[in-house]
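S.K.: below are the sequence and a predicted model; questions follow.
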Amino acid sequence: MNAPPTITLLFTGLPARADKFLTGISTVALVRLSGRNLLFDTGPYAYRPILQGRLKKLGVDPGEIDTVVLSHVHWDTAANADLFPNAEIVLHEKELAYAETPEAHDAETPGYIGRALRRLKLRPVAGEQDIAPGVHLVELPGHSPGSIGAVVGNALLAGDAVTCAGDAAAGDVRHQRGCDERAKDSLARALNLADVIYPGHDRPFRIGPPIAYLDDYAIRIRFFTDPAGPDEEIQVGSFAAKSFASWP
Amino acid sequence: MKIDLLIPGLPAKTDHFLFGICSLLLLRVAGRTILFDTGPFRIRPMLIAALNARGLVPEDIDTVFLTHLHWDHVENLDLFAHAEILAPRVEFEYAASPRPNDWGTPPYAHEILRDMNVTLLPDEEQELFSGVRTLLLPGHSAGLQGLVIDTGEERAVLASDALWSARDAVRGVPDVAFFDPAKAQASLDRALAAGDVFYPGHDRPFRLQDGSVVYLAQYRYHLSFPFQPFGQDLELEISTERSAKTATLS
């Protein structure tokens, strides 16, 4: 008997924005089934040591990840696929072809991503299929040429086909950058595939209506504004009540 | 010659990701237009905008000086495929096979650099251009090199991550001694003794005056955290202009 797969969030995506940098706070999820560990997306390089630490805390050795699904190959989703020596890297063949076309690189796709991926054990896929018992890949193009998601039970790991709950509520891809005209259709389709969505840059939510978040988040940021004094610290999310008392 | 601060380094940390926003400088010397480090991907649009604001596009950069091959200094290298890349030989050779626990050096850095027009800097100090000398500052990484620039009026130390932030100068201890702590300490001491004005890897340029850090630039960041789908956004601003502070050396 196979136990149904479970989803554990390693990184909760956030639709945060900043004026002088790209935040790239994307979702990374661990899908565990009997005897197998799948990783859905790997985040930006800026996650690397934290991702390693969180897996370790869960007792998962990098060598025990057998499959990494890349929803797409933007800078903030595909940068850590190389950390898993025994993993097959599953991505859509159109996404790989795009990554391999150096002149195609855009504001979200580094020119070297194809070369970085080529070093790995790749499994390009086309069409929709099960990649593990209870884990079904779906094609959701538009955000990028070969965006894919994974249906796990009643949940959809959506990648950036559903960037955030705000887009789901609006039925429009207001928070996507550089997507093509298929993105709106893929958003609509994604919202019909499951009851619960794990968006690319937001907390998981139940589609409803009404849309309801299933999880809180907390992020702390320290700025060393004074080299000899205390840091300024921002705490957002479930720390909020505490932080706003001290925030000017 | 003038050192043009394209993007000031940001000394900030979170529990969710690494910022990696390092100081990006533009140097014009010996008829060259030199970019000092390329920064992390997250500031790519801002780097392009900063160049545009000076009437430049990435293709106008003919030389890139890479201090070391950590991810947050090389992620925008692909914008400068046409440029001559100056990089420390020790870094380049090390990156072919980084230590297994070295998460700072991307596994593909060596391969990407190998196919570029790269000039490897020897493990000894030299005058690269008139008034521009290399400074060996290993310890944060295997073979980090900075620059000392004689501007005619003073000596500027472009220390990169050997001097992570001004706090390193206040405490006298390197904050991010990533590769070799003993060498990192020696390199911090060396960098602080090498000039009058300092460009840290992840902080604004500063001068040490009567035992205090005096910053030479300010920054302002605006962040918004949406409480979607129905809540309002939380808008936050971090500004050093509001609280321009100086610090006393211990």
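M.R.: Ah, there it is. This one's a predicted model, so the numbers in the text were calculated from it and none came from an experiment.
S.K.: just for the chain, where's the confidence low?
M.R.: Let's take chain A. A:1-2, A:102-104, A:238-248 (pLDDT under 70).
S.K.: meant chain B, my bad for not saying
M.R.: Low-confidence segments of chain B (pLDDT under 70): B:228, B:230-231, B:242-250.
S.K.: all helices for it, in order.
M.R.: In chain B, the helices defined using DSSP state H lie at B:44-52, B:71-74, B:89-95, B:109-114, B:166-171, B:181-193.
S.K.: what's the most buried one of those helices?
M.R.: helix B:71-74 (a mean of 26; mean count of other C-beta atoms under 10 Å in any protein chain shown). (Each C-beta comes from the backbone N, C-alpha and C, glycine too.)
S.K.: could you dump the helices of chain B to TSV with distance to A:F40?
M.R.: TSV is the format used below for the helices of chain B (distance: least, C-beta to C-beta, whole Å):
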stretch	distance to A:F40
helix B:44-52	25
helix B:71-74	22
helix B:89-95	29
helix B:109-114	26
helix B:166-171	38
helix B:181-193	37
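S.K.: could you dump these into JSON lines and include distance to chain A?
M.R.: Below are the helices of chain B laid out as JSON lines (distance: least, C-beta to the nearest C-beta, whole Å):
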{"stretch": "helix B:44-52", "distance to chain A": "6"}
{"stretch": "helix B:71-74", "distance to chain A": "5"}
{"stretch": "helix B:89-95", "distance to chain A": "13"}
{"stretch": "helix B:109-114", "distance to chain A": "5"}
{"stretch": "helix B:166-171", "distance to chain A": "4"}
{"stretch": "helix B:181-193", "distance to chain A": "13"}
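S.K.: nearest to A:Y112, of the ones you listed?
M.R.: helix B:109-114 (5.0 Å; C-beta to C-beta).
S.K.: mind exporting the closest one as CSV, just the C-alpha atoms?
M.R.: As requested, the backbone C-alpha atoms of helix B:109-114 are provided in CSV (Å, rounded to 0.1, in the frame of the first residue of the first chain):
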residue,chain,number,x,y,z
ALA,B,109,31.2,29.6,-12.4
HIS,B,110,34.4,28.1,-13.7
GLU,B,111,32.8,26.7,-16.9
ILE,B,112,31.1,29.9,-17.8
LEU,B,113,34.2,32.0,-17.2
ARG,B,114,36.3,29.6,-19.2
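S.K.: residues making contact with it?
M.R.: By C-beta atoms under 8 Å, 6 or more residues apart in numbering or on different chains, the residues outside helix B:109-114 that reach it are A:112, A:115, A:119, B:69, B:71, B:74, B:77-78, B:85, B:87, B:92, B:95-96.
S.K.: dump the residue contacts of A:V69.
M.R.: Contacts for A:V69 (C-beta under 8 Å, 6+ apart) come out as A:38-41, A:90-91, A:131, A:137, A:148, A:150, A:157.
S.K.: which ones among those residues map onto strands?
M.R.: A:38-40, A:90-91, A:131, A:137, A:148, A:150, A:157 (DSSP state E).
S.K.: could you dump those into TSV with distance to A:D202 added?
M.R.: Converted to TSV, these look like this (distance: C-beta to C-beta, whole Å):
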residue	distance to A:D202
A:L38	21
A:L39	19
A:F40	15
A:V90	23
A:L91	22
A:I131	24
A:L137	21
A:I148	18
A:A150	17
A:L157	13
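S.K.: wait, doesn't A:G24 sit right on A:Y45?
M.R.: No: with contacts counted by C-beta atoms under 8 Å, A:G24 stays clear of A:Y45, the gap being 9.4 Å.
S.K.: which of these two has more neighbours?
M.R.: More neighbours surround A:Y45 than the other of A:G24 and A:Y45, with 27 against 24 (other C-beta atoms under 10 Å in any protein chain shown).
S.K.: residues touching that one, list them.
M.R.: By C-beta under 8 Å, 6+ apart, A:Y45 lies in contact with A:75, A:79-80, B:20, B:40-41, B:71-72, B:75, B:106.
S.K.: tabulate those (CSV), appending distance to A:L9.
M.R.: Listed next are the contacts of A:Y45 as CSV, based on distance: C-beta to C-beta, whole Å:
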residue, distance to A:L9
A:W75, 20
A:A79, 18
A:N80, 16
B:G20, 23
B:P40, 24
B:F41, 23
B:W71, 24
B:D72, 25
B:E75, 25
B:P106, 25
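S.K.: let me know the closest of the residues you listed to A:V162.
M.R.: Of all those, A:W75 has the smallest distance to A:V162: 19.2 Å, by C-beta to C-beta.
S.K.: ok, so what distance separates that closest one from chain B?
M.R.: 4 Å (C-beta to the nearest C-beta, to the nearest Å).
S.K.: helix, strand, or coil at that residue?
M.R.: At A:W75 the chain is in coil, as set by DSSP: H, G, I helix; E, B strand; the rest coil.
S.K.: hmm, A:P44 and it touching each other?
M.R.: Yes: using C-beta under 8 Å, A:W75 is in contact with A:P44, at 5.9 Å.
S.K.: more neighbours: the two, which one.
M.R.: A direct count of neighbours by other C-beta under 10 Å for A:W75 and A:P44 places A:P44 higher, at 29 against 23.
S.K.: tell me who's in contact with that one.
M.R.: Each residue near A:P44 by C-beta under 8 Å, 6+ apart is listed here: A:24, A:26, A:75-77, A:79, B:17, B:41-42.
S.K.: ok so, going back, can you put the contacts of A:V69 in a markdown table and add distance to chain B?
M.R.: Formatted as a markdown table, those follow (distance: C-beta to the nearest C-beta, whole Å):
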| residue | distance to chain B |
| --- | --- |
| A:L38 | 22 |
| A:L39 | 16 |
| A:F40 | 18 |
| A:D41 | 14 |
| A:V90 | 20 |
| A:L91 | 17 |
| A:I131 | 25 |
| A:L137 | 26 |
| A:I148 | 22 |
| A:A150 | 23 |
| A:L157 | 18 |
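S.K.: and A:F21, how many neighbours does it have?
M.R.: Neighbour count of A:F21, defined by other C-beta under 10 Å: 22.
S.K.: that one is in what secondary structure piece?
M.R.: Assigned by DSSP states H and E, A:F21 belongs to neither a helix nor a strand.
S.K.: pull the number of nearby residues for the closest residue to it other than its chain neighbours.
M.R.: Ranked by C-beta to C-beta, 6 or more residues apart in numbering or on different chains and with sequence neighbours excluded, the top spatial neighbour of A:F21 is B:R42, at 4.6 Å. Using other C-beta under 10 Å, the number of residues around B:R42 comes to 26.
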